[in-house]
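1. Give me a 3D structure for the following:
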Amino acid sequence: MMKQLTKGTWVVIADGEKALFLENVADTVHPELVVQRIDAQENPSDRAQGSDRPGRMADTGPGHRSALEETDWHELAKMRFADDLAETLLRMVQQGRIERLVLAAAPRILGEVRRSLHKSVADILVAEIDKTLTNHPIDEIEKLVKDEIEAV
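-> Numbering: from 1, shown residues only. Here you go, the predicted structure:
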């Protein structure tokens with residue numbers, strides 16, 4: 001498979017809270033990414049999501065108690081979002097909407113999505129970019145993605 005941003009290639013950019021689904025509607029030389037879909041989830045800070053004090057458990061020895069590590073709800077929501085993104089991509093591939101895919105995400109999210117990707121999605125993956133691009137303007141994303149793919 002060619003390592004180029006050809007017409008019809010989808011670029012999915014994710015950061016754990018938001019995913020942009022972009023499609024290249026132009027050619028390889030002058031890509032034009034058009035937003036086809038935006039998925040977002042509200043993910044407040046961990047402090048806003050967790051209200052309880054950390055749990056405690058009895059230790060060995062009389063009267064000894066240890067604190068348990070708190071659940072990081074914010075981080076769990078990001079991982080759940082990555083799993084949901086992998087499922088969405090699978091549905092879109094099965095429906096024939098995506099035939100070539102570039103996936104760009106923060107390194108940790110990229111790893112989580114990669115772990116959850118179905119083989120049929122992995123098979124159409126042209127490139128992976130481990131950068132957070134969700135807050136970049138589209139024209140900058142076009143250039144960054146094109147440069148990253150062609151450098152591979």
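
2. for the chain, what helix or strand is lowest in average pLDDT?
-> Within the chain, confidence by mean pLDDT, DSSP states H and E is lowest for helix 46-49 among all helices and strands, at a mean of 50.

3. what's stretch 107-118 in contact with?
-> Contacts of stretch 107-118 with the rest of the structure, by C-beta atoms under 8 Å, 6 or more residues apart in numbering, involve 14-16, 78-79, 81-83, 85-87, 89-90, 93, 103-105, 122, 125, 128-130. Heads up, the C-betas are built off the backbone N, CA and C, glycines and all.

4. What number of residues are in the vicinity of the spatially closest residue to residue 106 that is not a sequence neighbour?
-> Sequence neighbours aside, residue 132 is the residue nearest to residue 106 in space, at 4.4 Å (criterion: C-beta to C-beta, 6 or more residues apart in numbering). Using other C-beta atoms under 10 Å, residue 132 has 17 neighbouring residues.

5. Check residue 94 too.
-> 12.

6. Over to residue 140?
-> The number of residues near residue 140, taken as other C-beta under 10 Å, comes to 11.

7. now the one 4 residues further on
-> Burial measure for residue 144: 16 neighbouring residues, criterion other C-beta under 10 Å.
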